[in-house]
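# here is my input, please return the structure:
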Amino acid sequence: MAIMIPQFILYLKLGFEERYIIPWVFGYAYFIVIALSNWDGIKGIRSKLYCCCILGLLVIHFPIVISEGEYYTYRGDSVTAVFNTVLKESTADSKILAAYSPYVESDLTASFWMRYNGRDKVYVWDNEKKTCTDITGAGEGSTADINDMDFILFYNPKDRHYCYEPDIDLENYTRTEYGTLVICRKNK
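Have a look, this model is predicted:
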């Protein structure tokens with residue numbers, strides 16, 4: 001219960017999918033194993049049989065764990081490739097738009113990482129208001145025109161988790177997919 005309840009509270013709004021299900025399953029399995037081993041009605045061979053069944057169910061899910069681990073490695077590689085590519089191709093004066101919303105954590109990650117690496121003109125896209133706003137750093141609260149952006153970063157809509165594409169006219173941009181993410185470079 002000490003493992004399950006915090007996981008349940010933390011991830012209630014997200015559901016128990018992929019990486020969040022692992023702590024839940026282990027917590028549940030350990031809870032059942034401990035509860036059954038302490039119950040007077042189930043002792044001896046029956047207790048061992050139940051424990052083996054629960055452990056067997058966990059073992060069956062290991063291929064899913066491996067698959068999800070590989071997928072999250074792929075996502076991490078995508079993020080690394082996008083950030084390093086933008087850093088390599090941009091200058092300190094380049095305007096970068098993180099359009100990962102509604103996933104604000106991703107916008108903040110891009111903004112802080114770029115700022116840490118000397119790219120201070122980083123904006124976040126608000127799809128409802130159609131605005132580019134600086135949400136971190138010295139220019140916090142300032143806005144810029146979408147047409148002035150040199151790079152636009154967003155999730156690849158083909159990715160299984162993030163089927164969100166910002167409502168931005170990308171006619172003047174060249175789009176390149178990097179796994180789970182996309183970079184759009186302004187045409188010169």
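# hey, let's count contacts and neighbours off CA atoms from now on
Will do.
# and residue 181, what's its pLDDT?
At residue 181, the predicted lDDT confidence score is 93.
# pretty sure it is touching residue 154, no?
Yes: look at residue 181 against residue 154 with C-alpha atoms under 8 Å: they come within range, at 5.9 Å.
# residues contacting residue 113?
residue 83 (C-alpha atoms under 8 Å, 6 or more residues apart in numbering).
# does it sit in a helix, a strand or a coil?
Following DSSP: H, G, I helix; E, B strand; the rest coil, residue 113 is assigned to helix.
# tell me how far it lies from residue 107.
10 Å (C-alpha to C-alpha, to the nearest Å).
# give me the element residue 64 is part of.
helix 62-89 (DSSP states H and E).
# I'd like to know which elements that helix is packed against.
Using 3 or more C-alpha pairs under 8 Å, 6 or more residues apart in numbering; DSSP states H and E, the elements in contact with helix 62-89 are helix 104-116, strand 173-178, strand 181-186.
# can you give me the buried ones in it?
Using 16 or more other C-alpha atoms under 10 Å as the test for burial, helix 62-89 gives 65, 75, 78-79, 82-83, 86-87.
# would a markdown table of the residues you listed with pLDDT and distance to residue 30 be doable?
Below are the buried residues of helix 62-89 laid out as a markdown table (pLDDT from 0 to 100; distance: C-alpha to C-alpha, whole Å):
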| residue | pLDDT | distance to residue 30 |
| --- | --- | --- |
| 65 | 75 | 18 |
| 75 | 89 | 30 |
| 78 | 95 | 35 |
| 79 | 94 | 35 |
| 82 | 97 | 40 |
| 83 | 97 | 40 |
| 86 | 97 | 46 |
| 87 | 96 | 46 |
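# now, which of those sits nearest residue 162?
Among the buried residues of helix 62-89, residue 75 lies closest to residue 162 (C-alpha to C-alpha), at 11.4 Å.
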